[in-house]
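**Q** my questions concern the predicted model and sequence given below.
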There are 4 protein chains.
Amino acid sequence: MSSSVFVPQIVAEPALAQLPVRYHAVRQQTEELCRPLLPEDTVVQPMLDVSPPKWHLAHTTWFFETFLLREYLTDYQVFHPDYAYLFNSYYNSLGSRVNRADRGTISRPALADVYAYRAHVDEHMARLLTTLAANDLPPSFAEIFELGLQHEQQHQELLVTDIKYILSTSPLAPAYKSAPKAAPTPEPTPATWLPVAGGVYRIGFEDEGFCFDNEKAPHDTYVADFSLQNRLVTNGEYRQFMEAGGYHDFRYWLGEGWDLAQQAGWEAPLYWVQKEGVWHRFTHHGLQPIDWAAPVTHISFYEADAYAHWTGYRLATEQEWEIAARQFQPQIEAGNFLESNLLDPQPLPADADPEQCHQLLGDVWEWTYSAYHPYPGYERAAGALGEYNGKFMLNQLVLRGGSCATSASHIRLTYRNFFHADKRWQFTGIRLAR
Amino acid sequence: MSSSVFVPQIVAEPALAQLPVRYHAVRQQTEELCRPLLPEDTVVQPMLDVSPPKWHLAHTTWFFETFLLREYLTDYQVFHPDYAYLFNSYYNSLGSRVNRADRGTISRPALADVYAYRAHVDEHMARLLTTLAANDLPPSFAEIFELGLQHEQQHQELLVTDIKYILSTSPLAPAYKSAPKAAPTPEPTPATWLPVAGGVYRIGFEDEGFCFDNEKAPHDTYVADFSLQNRLVTNGEYRQFMEAGGYHDFRYWLGEGWDLAQQAGWEAPLYWVQKEGVWHRFTHHGLQPIDWAAPVTHISFYEADAYAHWTGYRLATEQEWEIAARQFQPQIEAGNFLESNLLDPQPLPADADPEQCHQLLGDVWEWTYSAYHPYPGYERAAGALGEYNGKFMLNQLVLRGGSCATSASHIRLTYRNFFHADKRWQFTGIRLAR
Amino acid sequence: MSSSVFVPQIVAEPALAQLPVRYHAVRQQTEELCRPLLPEDTVVQPMLDVSPPKWHLAHTTWFFETFLLREYLTDYQVFHPDYAYLFNSYYNSLGSRVNRADRGTISRPALADVYAYRAHVDEHMARLLTTLAANDLPPSFAEIFELGLQHEQQHQELLVTDIKYILSTSPLAPAYKSAPKAAPTPEPTPATWLPVAGGVYRIGFEDEGFCFDNEKAPHDTYVADFSLQNRLVTNGEYRQFMEAGGYHDFRYWLGEGWDLAQQAGWEAPLYWVQKEGVWHRFTHHGLQPIDWAAPVTHISFYEADAYAHWTGYRLATEQEWEIAARQFQPQIEAGNFLESNLLDPQPLPADADPEQCHQLLGDVWEWTYSAYHPYPGYERAAGALGEYNGKFMLNQLVLRGGSCATSASHIRLTYRNFFHADKRWQFTGIRLAR
Amino acid sequence: MSSSVFVPQIVAEPALAQLPVRYHAVRQQTEELCRPLLPEDTVVQPMLDVSPPKWHLAHTTWFFETFLLREYLTDYQVFHPDYAYLFNSYYNSLGSRVNRADRGTISRPALADVYAYRAHVDEHMARLLTTLAANDLPPSFAEIFELGLQHEQQHQELLVTDIKYILSTSPLAPAYKSAPKAAPTPEPTPATWLPVAGGVYRIGFEDEGFCFDNEKAPHDTYVADFSLQNRLVTNGEYRQFMEAGGYHDFRYWLGEGWDLAQQAGWEAPLYWVQKEGVWHRFTHHGLQPIDWAAPVTHISFYEADAYAHWTGYRLATEQEWEIAARQFQPQIEAGNFLESNLLDPQPLPADADPEQCHQLLGDVWEWTYSAYHPYPGYERAAGALGEYNGKFMLNQLVLRGGSCATSASHIRLTYRNFFHADKRWQFTGIRLAR
């Protein structure tokens, strides 16, 4: 197995020819996501987890400039000497930077300047890719190039969720885009249990192609017999928990979650509001009545776990999730990803087969009751990219499966996403296990 | 004397004809100040004291809508039902509102929407003024109308200082406007002491025309003999304090000021930075070398008081300041106000007479060692406007004389400005007394 | 007048003979106050303003050790090298020290060790006083000696109020001492207005004997005609304010006071609790039913000012208070001070003359609407004692007249006490002016 | 397997006769630990994790009163109605309670009152045990009785570490007890690697006797081949990490740990201080020179993990630790536990066999890189005791093996202790794995 951490093992000639195309596609997608925004929307940071869209646009660009242009393009001059300070996210190896909490207090460079920065870097990336095609492939280049694209896709998902949060803070409840025509809401598919036999299984990334270092090394793990539910928990089911007093009964909650919920006054998932006695959700399409058959989302791990407790079941571990997913083999094409352009988890169709496992990929990230710790044999890369994943491996939970804000080309069954237990602004949801 | 609190006692017919002109002039001035800004600049709030320019534009408009259009214009419909929540500053009488700390987290309404709001209100104000001309003058109308204009002028000053702070937070140090041609810097005028005889004097507003309620009632006060310095303390003089270790010697400081200075790491006035060993200041014209003959500014009361201690002198009280000012009779026309468009305090000309009292009006607000308390006989107005001044009368210091960011038409010898002792983002400065 | 700041101008031979007696009396009084305490009571600090009694016992001793024994007693060895770090309060001149917030986290030295420290210092003070009697009086000795005693008397008052607060935090509501027999409560004396003619008056300390530096220099001041109420506001009157919704109507409040009251959930003075529907107060005698004719106490300036607003009157300035007091000449002997041992403000007797001014001295400190600023001509002393008063002269209010926790030998008509506007744990109260 | 969670499955007749003896022994041990303390030491809380010893004494007593006397002793009257409020730790089921942060601000009840409370409860427990002997054993009684004792033993360990912290905050560095005679320090035993073969193993409690609910259910787990070091990391080895700049090189650290270490200014383990250039540690015997061959202790998980990173190795998981321990079968009798009365981890003897696994039990709790999560099949008990463990199962790390402050009768190979990653005041240490 390769000793490198981010791993497209082979970039063959034809693949090389595809690099500019792929680069262009990913970079365009980012700008596409920002197109509906006003300049005003791109500078604010209404909470610490959210970054201003302008910052995302620049930071992803800084990544290519720092790790590729400065390393591989002869005589490259940085676009602006202060941008590294402004747009470095968390790389201690790369010097001091704006405090995360201050990202929303800095109006300049202007949005137009950031687009000029993107154009400058894109132009030089094009030049670099041309040069490379004519030469020997530098070791590690392809790896970092692919990482830059995957990194930008991660920020695309953050853009989607950050934009939602930003727009939500205005009492005007502005729509990011107009709502799709509402289909008649089906009855939710009956919940069933799909068993998986216990035993020793291999998990972790072992294919060719790209994966993050945290998916390695592939290794054996033992699980006992378990079952997963065939679909995600719906808004309607979650409302029953609320109506049963779930938010006011400490017995269902982890201690830190209970304290937080009380102090923050949580009574429902993020973005739920009652308007004239009817529950609505703030969405990318403005305030909308809740579709009770759709998967519940924007809940913290604490809420997911409390809900599971209340039902008498539990959340899966990440090992269980991956073993089940390898068995059920969900099709990426069937999933509700960023490409569907719906920007919201969707109810199952009326004819969904209750004996199949649905929604494993797309719709919402599924909280697991697994700490985000290093896999056996995990090693941090040397240099700045060693800070990419490894230093976050404590006090966070693993989420699996991708969401409606994830690119279909960015997800894998082995993908390990991770957030702190209190986070609610991502498209997070619940699948029950037992 | 009128029992009303904000007091243009007489608005005669010809004066009435002037109202639309004056209204237009003040409102235009506000927009003029915002013209050099990008939309990005108008939404951020890099510290609690600063409000986003977009907010200032809307809040001043909300003031006219709330206190005049809704009261006096028949059938007036508010521009948007949520704007009162968004743009009320601190009037408890008028309901709940956005937390001050959150003003910079809300991107919508867009800047263009706020300009539309201004146009809507301006159009209806024009209609209202026309109507009024044809009718009897409603009691109190003229008073509130004038208050609305004075209020907007106060926010113009805040716009100037808030914009400066906003632009300063970027490492790019962007200029709000290009710098005026630098004149050769004169030597500072020698500092002399101008004596004022002790005795009982009358202070407070007693003319015709407008004043704020906090300038009333005029009343007698006793002062002993004292002297004021003939000019403001210069940057060069203040640098001597710095070089003498003033920021590291607690003996010169008030206790709370010392603790704050240590904790915040103050070593110089706000906006001073060393660049390649040379002191510069961030200004509306970007980063500029310091003019040592110009008045020092952007200092807290604590620094002003520590400086005075170090010299062996002291700050004046507001009573002393007003008594001296009534005696020295400075000319408003000679002062460096907003209209000079310099946006920075200026050194005295080479031929300034050392026996005259200079810079009493304009350049910088002069910290006095007087608490901002009610004058004898002060009464809060009834209703929401009673919250305008009275409720702030504790824990703040009075400043006198106006600054280079104040409109010349907005200042008086009796004007009482007020800030907490730790504030540095206003154009504040020092005049010594003994 | 002497150029020294703490000023017993003459200490004649016979006076010198009295020093050991006076020293002993004051020191004994401190220990007497602590006698009812358990060791457990002497170490805790339930809020920042409160210091542990053990700390008071040691700090007052450190004062004599530092300023007298180390200066004037040949070959004196400090009791323990770490005690200066532990028991210095706020003198930057004298080096680093325990954070104020940590005073209640340190269990050692034990209480017994602190009493040994007191005995050690007392013994050496006795030796020093003997030596002095046989020699020439060192300049400034008598002044600092007297300051040490006055300083200890200030801490006696703090001991009384800190002990009350400490005991109040236990749900057991323990009594510091048994309650005096309750006299039948009289009807409150009718409130009347006592006029004082306006004019120029002299205020500030000008007698012989001791005063603090902040009472100097005596100077002229002008006041307009005013009236004071003949007595303090009672619990019964204050309850009317409460019942009229005073705590829920922002119109009566200063802005910062309103925000604080809302956030802290104030609904009544400190120590008031309802028990089975009846108002009680926690006192040094445990929980007691409220005497409605007694003066209200344990209120912040914000509450005092809001109450005054609600009545339509106001608080006096410190100038008015002192001018009136000099005119009404209250007798110290008639006041309810520490020596009465009642530890609570008392109702006026049934036969109190409504045309006399009562309770000016003793019972409660009266909030004035005057900032604690330097008097004209005030100068800080050189050296560490220059930190005694001057550095606190901002953001605090002056209180006048002493309380039931003040020693009768410690009060003067010119005495300027001072606290921040939010403080409630002292015996503070209200007298109305107009 | 029993459905109860705390599980002494059988309490036979003879065992029953032992209950009073065992009860007495555990209760006495607690008081023995507090005997060297002054009353002053028993009330303070110098940081949030520490509880005042008086509180521990009372809380353990409240446990027996609440869960046994009130349930099983007919007509039992609680000692004091307010004690439940004062001495409930975290049981939401049992009502409101003093904020954890306020435990050190309450001086009453006095220490003597708490001892009276203990005597009262002990006397009634004796009566209850007598009664029971004569009757049928109530279901669940024995289980809760044993839990009460184990609970008190947990608080004994906390008493040891909290007392150490409390005494450490005084600059006097007082000794809790006199130091044992220092033996000549041996050279550290060479570090070797002890291999364990991978495979599926059973872990979790499956014996008879008591265990906590978090050790259940026993279950299979898979590990790959691994090795553990034969002994704990020593102070000398850790000093090498310090001298190599380990505290200043972010590459070895988890992100949150790095931020914390920088902010808190960590440069060495807790309690290490340099005195005249020589490293000392504060211990229960006062300040002592460091024994370089002794195990390093009082380090956070962050430091343990950074140290492991620096060596190129890692920490074990809790599964690995338990599997290895079951294989190496350490003897409890050989461990350094509370009963040794040394209160500090000890160096290995000079003749320790490097091929044996040492110090698995006792000396220090060993940080594992395993989140404290529920075991497969874990279930919370019903009622208040369901809050004992389960609600803490997030954001904490498992520690294994017990320490010099743990009772030998309280430890098991399956025991799961848990703390947040930043905690340093417990006897925590490092064993390397690879």
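**A** Good, I have the coordinates.

**Q** any chance you could map the helices in the stretch 151-300 of chain A?
**A** A:235-243, A:255-264 (DSSP state H, counting those that start in this stretch).

**Q** packing partners for the longest one?
**A** Going back to what we said before, that points to helix A:255-264. helix A:301-311 (3 or more Cβ pairs under 8 Å, 6 or more residues apart in numbering or on different chains; DSSP states H and E). Any C-beta I mention is one placed from the backbone N, CA and C, and that applies to glycine too.

**Q** report the angle between the helix it packs on and helix A:235-243.
**A** 80 degrees (axes from the mean of the first three to the mean of the last three Cα atoms, to 10 degrees).

**Q** what is the helix or strand just after helix A:301-311 packed up against?
**A** Note on helix A:301-311: by DSSP states H and E, the next helix or strand toward the C-terminus is strand A:314-315. Counting contacts by 3+ Cβ pairs under 8 Å, 6+ apart, strand A:314-315 packs against helix A:301-311, strand A:365-371, strand A:432-433.

**Q** for chain C, find the nearest of those.
**A** helix A:301-311 (26.5 Å; Cβ to the nearest Cβ).

**Q** quick one: distance of that closest one to the chain centre.
**A** From the chain centre to the centre of helix A:301-311 is a distance of 21 Å (Cα atoms, centre = their mean, to the nearest Å).

**Q** swap in stretch A:115-131?
**A** Taking mean C-alpha positions (Cα atoms, centre = their mean), stretch A:115-131 and its chain are 26 Å apart.

**Q** show me the contacts for the residue positioned nearest the centre of chain A.
**A** Nearest to the geometric centre of chain A sits A:Glu157, at 5.4 Å (Cα atoms, centre = their mean). Residues near A:Glu157 by Cβ atoms under 8 Å, 6 or more residues apart in numbering or on different chains: A:Leu338, A:Ser403, A:Ala405, A:Thr406, A:Ser407, A:His410, A:Gln426.

**Q** and the pLDDT at it?
**A** On the pLDDT scale, A:Glu157 is placed at 98.

**Q** what residue in the stretch 301-434 of chain A comes nearest to chain B?
**A** Counting by Cβ to the nearest Cβ, the stretch 301-434 of chain A gets nearest chain B through A:Trp425, at 13.6 Å.

**Q** end-to-end on stretch A:402-409?
**A** Using Cα to Cα, to the nearest Å, one end of stretch A:402-409 lies 11 Å from the other.

**Q** got the contact list for that stretch?
**A** A:29, A:153, A:156-157, A:160-161, A:297, A:332-333, A:335-340, A:342-346, A:361-365, A:410-411, A:415, A:417, A:426-428.

**Q** buried only: go through the residues you listed for me.
**A** Neighbour-count burial (16 or more other Cβ atoms under 10 Å in any protein chain shown) applied to the contacts of stretch A:402-409 gives A:29, A:153, A:156-157, A:160-161, A:297, A:335-338, A:342-346, A:361-365, A:410-411, A:415, A:417, A:426-428.

**Q** out of those, which sit inside strands?
**A** Assigned to strands by DSSP state E, the following of the buried ones among the contacts of stretch A:402-409 qualify: A:Trp365, A:Asn417, A:Thr428.

**Q** which residue ranges make up each domain of chain A?
**A** A:16-169, A:193-433 (the TED database).

**Q** enumerate the residues of chain A near chain B.
**A** A:38-47, A:54, A:80, A:82, A:85-86, A:102, A:104-111, A:166-167, A:169-172, A:174 (Cβ under 8 Å from any Cβ of the partner chain).

**Q** are any of those residues buried, and which?
**A** Counted by 16+ other Cβ under 10 Å, the residues of chain A next to chain B give A:38-46, A:54, A:80, A:86, A:104-111, A:166-167, A:169-172, A:174 as buried.

**Q** below-threshold pLDDT in chain A: ranges please.
**A** A:1-14, A:133-137, A:139 (pLDDT under 70).

**Q** strands along that one, start to end?
**A** A:193-196, A:199-203, A:219-223, A:226-229, A:272-275, A:278-283, A:286-289, A:314-315, A:365-371, A:397-400, A:417-419, A:428-429, A:432-433.

**Q** kindly reformat the ones you listed as JSON lines containing distance to D:Met393.
**A** Below are the strands of chain A laid out as JSON lines (distance: least, Cβ to Cβ, whole Å):
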{"stretch": "strand A:193-196", "distance to D:Met393": "23"}
{"stretch": "strand A:199-203", "distance to D:Met393": "23"}
{"stretch": "strand A:219-223", "distance to D:Met393": "19"}
{"stretch": "strand A:226-229", "distance to D:Met393": "18"}
{"stretch": "strand A:272-275", "distance to D:Met393": "27"}
{"stretch": "strand A:278-283", "distance to D:Met393": "31"}
{"stretch": "strand A:286-289", "distance to D:Met393": "36"}
{"stretch": "strand A:314-315", "distance to D:Met393": "12"}
{"stretch": "strand A:365-371", "distance to D:Met393": "9"}
{"stretch": "strand A:397-400", "distance to D:Met393": "12"}
{"stretch": "strand A:417-419", "distance to D:Met393": "18"}
{"stretch": "strand A:428-429", "distance to D:Met393": "19"}
{"stretch": "strand A:432-433", "distance to D:Met393": "16"}
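
**Q** distance of A:Trp142 relative to A:Leu16?
**A** One thing to correct before we go on: residue A:142 is Ala, not Trp. From A:Ala142 over to A:Leu16 the distance is 8 Å, taken as Cβ to Cβ, to the nearest Å.

**Q** so those two - more neighbours on which side?
**A** A:Ala142 (22 against 15; other Cβ atoms under 10 Å in any protein chain shown).

**Q** which stretches of the stretch 301-434 of chain A form helices?
**A** A:301-311, A:318-328.

**Q** quick one: buried residues of the last one?
**A** Residues of helix A:318-328 classed as buried under the neighbour-count rule (16+ other Cβ under 10 Å) are A:Glu318, A:Gln319, A:Glu320, A:Trp321, A:Glu322, A:Ile323, A:Ala324, A:Ala325, A:Phe328.
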